[in-house]
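A.B. asks: Pasting a predicted model and its sequence here:
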Amino acid sequence: MNRDLLDKELRRDEGVRYAPYLDTKGIQTVGVGHNLVAKPLVGAMYPLTDDKVTQILNDDLQTVFDALDKYFGWWRQLDDVRQRVLVNMCFNMGIGTLQTFKNTMAAIKGGDYKRAALGMRTSLWAKQVGARAERLAVAMETGTMPT
């Protein structure tokens with residue numbers, strides 16, 4: 001998977017913040033969408049440096065990769081673009097919520113990307129994240145990430 005593209009996509013979708021803020025759900029967040037309630041940063045000094053933001057992002061991505069490996073081991077057999085779609089979704093909503101996308105995940109596993117994209121577009125998540133969900137649905141359906 002192209003990690004440079006993944007990092008750029010997540011930074012675009014999540015934004016980058018060097019000091020804690022409340023996200024749209026009122027959750028204390030910092031860096032590239034790092035949830036401070038779920039994973040506090042002990043002893044962090046604000047504002048964060050670029051290197052610290054990147055370190056936190058890498059740690060969070062490893063957590064996502066581990067979760068996808070555990071629950072959807074087949075995800076690594078997908079092409080690069082569709083792997084990045086799943087990582088982006090899991091990063092955004094967490095593995096627990098991603099697991100509720102049973103039909104969508106079954107469609108992805110079976111290679112029915114059109115049906116998977118439809119499932120993504122008709123979800124509550126899509127209503128919540130708007131353009132991000134549409135961009136990821138297009139990427140899932142076509143295998144090409146829109147800019």
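C.D. replies: Yep, that arrived.
A.B. asks: for this protein, which helix is longest?
C.D. replies: In the chain, with assignment by DSSP state H, the single longest helix is helix 50-71.
A.B. asks: now stretch 22-31: mean pLDDT?
C.D. replies: Regarding stretch 22-31, the rounded mean pLDDT is 93.
A.B. asks: Provide the count of other residues in contact range of Leu86.
C.D. replies: By other Cβ atoms under 10 Å, the residues close to Leu86 number 22. For the C-beta atoms, the positions are set from N, CA and C on the backbone; glycine is no exception.
A.B. asks: Now do the same contact list for the nearest residue to Val87 once chain neighbours are set aside.
C.D. replies: Computed as Cβ to Cβ, 6 or more residues apart in numbering, the closest residue to Val87 that is not its neighbour in sequence is Val64, at 5.6 Å. Residues near Val64 by Cβ atoms under 8 Å, 6 or more residues apart in numbering: Val87, Cys90, Phe91, Ile95.
A.B. asks: Phi and psi next, for Val19.
C.D. replies: Not Val; residue 19 is Ala. With angles defined as degrees, to the nearest 10, Ala19 sits at phi -130, psi 150.
A.B. asks: cool, and the one 3 residues further on?
C.D. replies: When quoted as degrees, to the nearest 10, the phi and psi of Leu22 stand at phi -90, psi 130.
A.B. asks: How about Ser123?
C.D. replies: Torsion angles, degrees, to the nearest 10, at Ser123: phi -90, psi 160.
A.B. asks: And the pLDDT at the closest residue to it other than its chain neighbours?
C.D. replies: Leaving aside its sequence neighbours, Ser123 sits nearest to Phe101 (Cβ to Cβ, 6+ apart; 6.9 Å). Model confidence at Phe101, given as pLDDT, is 98.
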